[in-house]
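>>> The sequence and its predicted three-dimensional model are supplied below.
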Amino acid sequence: MNHTVVFKTLLKAALQDWISIGWAVIFPMALIVGMRVAFGATLEATRLLAGTVGFATIFFAVHGTGFDILGQRTRGVYKLLRASPFRVSVFIVWLSLARGLVTVCAALIVALFGNTWLAAGLSPVGLLGLIAGAALGALAFTTLGVIMGNLGNNEGQVAALNNIVTFPLLFLTETFYSLAEAPAWLRILRDVLPFNHYLRLVQTLATGDLAAAWGPMVIVAGFGLVFLSIAVLTFRWDPAQPLLRATQRRGSRRLATP
């Protein structure tokens, strides 16, 4: 099985995830309309636009990927891939690229709608920058979604893990509001969470401030590498496997010992 076939298969599976796609597109668009109607011209258009794009990113990348990993593993799809020469790290990278592509498309739809509805006035270059930031975030947070799918043994566990992870990312950061006047401990927590750096990246690229985008870009990429490493360590081809790959290797050696 070559890389092209694997990528096309994973992309097809991602495109069939209509529930996650719907939540990643329809809910942010509805939120934009509701916030515009409720607050009118007092809204910070760029912040809301970045926040809704961030919501689209994190919902499909984390929630959707977690359930996809669980479903494919439970149905035995990954057992077939286990027999191939693919390394786990390579497989997860292809999975992240496939689902990341769909995530970026969802973010683009939300960005185009929001830019029009909010009269944000972003230029084509600004929109391109916003989508470029969303692409990096999609890759990073898809690997986080893989971890959620690896850790959960059923839909209830994956849903709980997704909520435990994504709620703080969305509501303890500056997704929809400023925390400049928040208590010091909350501002420290905001700066620790990767999602706030992702929001800064999207905002700065949308406004064309490339110099300010380098810091958040490096941080988001760094978190992505950390998530990828954990995803590889915890990946299971089938439900019966131990959680950590080091444990799996020890178990394999014991089975091979006469």
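Nice, I can see it.

>>> what's the spacing between the helix or strand where residue 202 lies and its chain's center?
For residue 202, the host element (DSSP states H and E) is helix 194-206. Per CA atoms, centre = their mean, to the nearest Å, the displacement of helix 194-206 from the mean C-alpha position of its chain is 13 Å.

>>> Who are the packing partners of that helix?
Packing partners of helix 194-206 (3 or more CB pairs under 8 Å, 6 or more residues apart in numbering; DSSP states H and E): helix 45-58, helix 124-151, helix 155-171, helix 210-234. To be clear about C-beta, it is placed using only N, CA and C from the backbone, and glycine gets the same treatment.

>>> Check these for me and report the most buried one.
Mean neighbours per residue, mean count of other CB atoms under 10 Å, is largest over the helices and strands packed on helix 194-206 for helix 45-58, with a mean of 26.

>>> which residues are in contact with the helix or strand following that one?
Next in sequence after helix 45-58, counting helices and strands by DSSP H and E, comes helix 65-74. The contact list for helix 65-74 (CB atoms under 8 Å, 6 or more residues apart in numbering) reads 13-14, 17, 20, 78, 95, 99, 142, 145-146, 148-150, 152-155, 158-159, 161-162, 236-239.

>>> same thing but at 6 Å, please
78, 99, 142, 145-146, 148-149, 152, 158, 162 (CB atoms under 6 Å, 6 or more residues apart in numbering).

>>> Stretch 96-104 now?
7, 10-11, 14, 57, 60-61, 65, 134-135, 138-139, 142-143.

>>> Just the C-alpha atoms of stretch 161-176, please, in PDB.
Extracted as PDB, the C-alpha positions of stretch 161-176 are listed here (Å, rounded to 0.1, in the frame of the first residue of the first chain):
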ATOM      1  CA  LEU A 161     -11.600  13.600  26.900                       C
ATOM      2  CA  ASN A 162     -12.500  15.900  24.000                       C
ATOM      3  CA  ASN A 163     -14.600  18.100  26.300                       C
ATOM      4  CA  ILE A 164     -12.000  18.100  29.100                       C
ATOM      5  CA  VAL A 165      -9.300  19.300  26.600                       C
ATOM      6  CA  THR A 166     -11.200  21.600  24.300                       C
ATOM      7  CA  PHE A 167     -13.400  23.500  26.800                       C
ATOM      8  CA  PRO A 168     -10.400  25.100  28.500                       C
ATOM      9  CA  LEU A 169      -8.800  25.800  25.100                       C
ATOM     10  CA  LEU A 170     -11.800  27.700  24.000                       C
ATOM     11  CA  PHE A 171     -13.000  29.400  27.100                       C
ATOM     12  CA  LEU A 172      -9.800  30.100  29.100                       C
ATOM     13  CA  THR A 173      -8.200  31.800  26.200                       C
ATOM     14  CA  GLU A 174      -9.000  34.900  24.200                       C
ATOM     15  CA  THR A 175     -11.200  33.100  21.600                       C
ATOM     16  CA  PHE A 176     -14.100  35.500  21.900                       C
END
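
>>> what's the spacing between that stretch and its chain's center?
Worked out by CA atoms, centre = their mean, stretch 161-176 lies 12 Å from the chain centre.

>>> outside of that stretch, which residues touch it?
51, 54, 58, 62-63, 66, 148, 151-152, 189-190, 193, 195-196.

>>> for the nearest residue to residue 10 once chain neighbours are set aside, helix, strand, or coil?
What sits nearest to residue 10 in space, not counting adjacent residues and going by CB to CB, 6 or more residues apart in numbering, is residue 98, at 3.7 Å. Of the three states, residue 98 takes helix according to DSSP: H, G, I helix; E, B strand; the rest coil.

>>> pLDDT on the helix holding residue 202, on average?
Regarding helix 194-206, the rounded mean pLDDT is 90.
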